[in-house]
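Q: sequence first, then the predicted structure:
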Amino acid sequence: MQTSVLLITFLAMGLVAVAFGYVVKRSGTRDEDYSTITRQGYLIRRWWMLALCAVGVLVSAWTLIPFPLQAAINGEARSVDVVAKQWSWEIESRSARVGETVRYRVTAADVNHGFALYGPDDQIVAQTQAMPGYVNELNVTFEQPGVYRVLCLEYCGVAHHAMTAEINVTEGP
């Protein structure tokens, strides 16, 4: 999926660059109508446009290539169903082991919610949307033991702040 998104992005950027190039090239074809200063302005504008397109492509490539859209699964993943409701989480299993990959199948029973998994150091590990009528799959490989907190990132009503759950991650089998 990530490769497809990256290729489509590069293709779209290429098409936009070609369109800009065509417009810039066509803008200077009627030299007899313009003075020397105006032609120099078009030349400067053309080089600036090419430079900006090149910078845009480089910045996009630099930021899109390492961006993980989904964690890689090494081996089998255990599936855990998660249902978000105002203002609680129904999580099929609230335990995991270090090194284990868990595929959370996240949905909502009422309104949109944001399923966010925070590690023991209170840094966000992974997140996805919980939406009614749709199941998002989120693969998480737990790398350290401890208590991982699940919080809602999408405001869902007056008790949104209390919508929490915990997942206990232990070492070994």
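A: Thanks, I have the structure now.
Q: any stretches of this protein with poor pLDDT?
A: Applying pLDDT under 70 to the chain picks out residues 1, 28-34, 66-75, 173.
Q: who does the helix ranked longest in the chain touch, helix- and strand-wise?
A: Across the chain, the helix with the greatest residue count (assigned by DSSP state H) is helix 36-64. Secondary structure elements in contact with helix 36-64, counted by 3 or more C-beta pairs under 8 Å, 6 or more residues apart in numbering; DSSP states H and E, are helix 2-27. (Glycine included, C-beta is placed from N, CA and C.)
Q: tilt between the helix it packs on and helix 36-64?
A: Using axes from the mean of the first three to the mean of the last three C-alpha atoms, to 10 degrees, the inter-axis angle of helix 2-27 relative to helix 36-64 is 180 degrees.
Q: buried ones in helix 2-27, by neighbour count?
A: Residues of helix 2-27 classed as buried by neighbour count (16 or more other C-beta atoms under 10 Å): 6, 13, 17, 24.
Q: so how far is Trp87 from the second one?
A: According to C-beta to C-beta, to the nearest Å, Met13 stands 42 Å off from Trp87.
Q: and what of the third one?
A: Applying C-beta to C-beta, one obtains 48 Å for the distance of Ala17 from Trp87.
Q: contacts only, for Pro120.
A: The neighbours of Pro120, taking C-beta atoms under 8 Å, 6 or more residues apart in numbering as the test, are 144-148.
Q: quick check on the residues you listed: which are buried?
A: In the contacts of Pro120, burial by neighbour count holds for Tyr148, counting by 16+ other C-beta under 10 Å.
Q: in helices, which of the contacts of Pro120 appear?
A: The helices in this structure, assigned by DSSP H, contain none of those.
Q: right, and the pair among the contacts of Pro120 with maximum separation?
A: The two members of those with the most space between them (C-beta to C-beta) are Gln144 and Val147, at 10.9 Å.
Q: any residues in contact with both of those two?
A: Overlap between the contact sets of Gln144 and Val147, as judged by C-beta under 8 Å, 6+ apart, is given by 120, 169.
Q: give the buried residues for stretch 113-131.
A: Neighbour counts using 16+ other C-beta under 10 Å place 113-119, 125-131 of stretch 113-131 among the buried residues.
Q: that one: end-to-end distance?
A: 7 Å (C-alpha to C-alpha, to the nearest Å).
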